[in-house]
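1. When you get a sec, could you give me coordinates for this:
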Amino acid sequence: MSRYRGPRLRIVRRLGELPGLTRKSARRAYPPGQHGQNRKKRSEYAIRLEEKQKLRMNYGLTEKQMLRYVRKARRVSGSTGQVLLQLLEMRLDNTVFRMGMAPTIPAARQLVNHGHVTVNGKPVNIASYQCRPGEEVAVRNREASKKLVEANLQYPGLANLPSHLEFDKTKLAGKVNGVIEREWVALQVNELLVVEYYSRQA
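-> Next comes the predicted model:
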């Protein structure tokens, strides 16, 4: 199945706040649909599925990509859930979003895909590119690219810049200083339940 392109508020109402997907917040706190208000007790599977869907929808991944990230996280020593979050947070589209160059992750993905972003001075148009500590992420030296990002910087998606990133608004360039720490992940998610969900498949 391809990436979700439908109504975003419907997803926000079902899964809760997703800072990477949209800046809008749902007026109603219950899920959409006829039975949204009187939901029955959810099963263990449903709870794990919902946590997995939160990650997928927030970072804009397909199921296949998500499974690949879980397998990759398993091969690294340390907490699988934490490594999974780090892999997702260090994607180029998410790094561009967290630096404030785009209001949402889908908008950041479009910036990257259209060639407006450079990594260490070279244009990179692959949104899933894994940023590494020491790399410089900047806006391409073109008038159109600069105008786009300058407009986005007036209304950044998230106010706080994580501790592992730095960004210079005058130069429109930032740097990755390290790997993100768990407390700086903006999404409210229980990553252990996601790992449990995939334990049968991965």
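
2. For Val176, give me the pLDDT.
-> For Val176, the pLDDT comes out at 90.

3. Pull out the buried positions in stretch 120-127.
-> For stretch 120-127, burial by neighbour count (16 or more other CB atoms under 10 Å) applies to Val124, Ala127. C-beta: built from backbone N, CA, C; applies to glycine.

4. Please disregard the earlier target; I meant stretch 179-198.
-> In stretch 179-198, counting by 16+ other CB under 10 Å, buried: Ile180, Val185, Ala186, Leu187, Val189, Glu191, Leu193, Val194, Val195, Glu196, Tyr197, Tyr198.

5. Assess the claim that Gly178 and Glu166 are in contact.
-> No - using CB atoms under 8 Å, Gly178 is not in contact with Glu166; the gap is 10.6 Å.

6. about what we covered before: lowest-confidence entry in the buried residues of stretch 179-198?
-> Within the set of the buried residues of stretch 179-198, pLDDT is lowest for Ala186 (78).

7. Double-check that it belongs to a helix.
-> No - counting by DSSP: H, G, I helix; E, B strand; the rest coil, Ala186 is not found in a helix; it is coil.

8. Neighbours of Glu150, how many?
-> By other CB atoms under 10 Å, 13 other residues sit near Glu150.

9. list the helices and strands the helix or strand of the chain with the lowest mean pLDDT packs on?
-> Across the helices and strands of the chain, the lowest-confidence element by mean pLDDT, DSSP states H and E is helix 8-15, at a mean of 73. Judged by 3 or more CB pairs under 8 Å, 6 or more residues apart in numbering; DSSP states H and E, helix 8-15 is in contact with helix 44-59.
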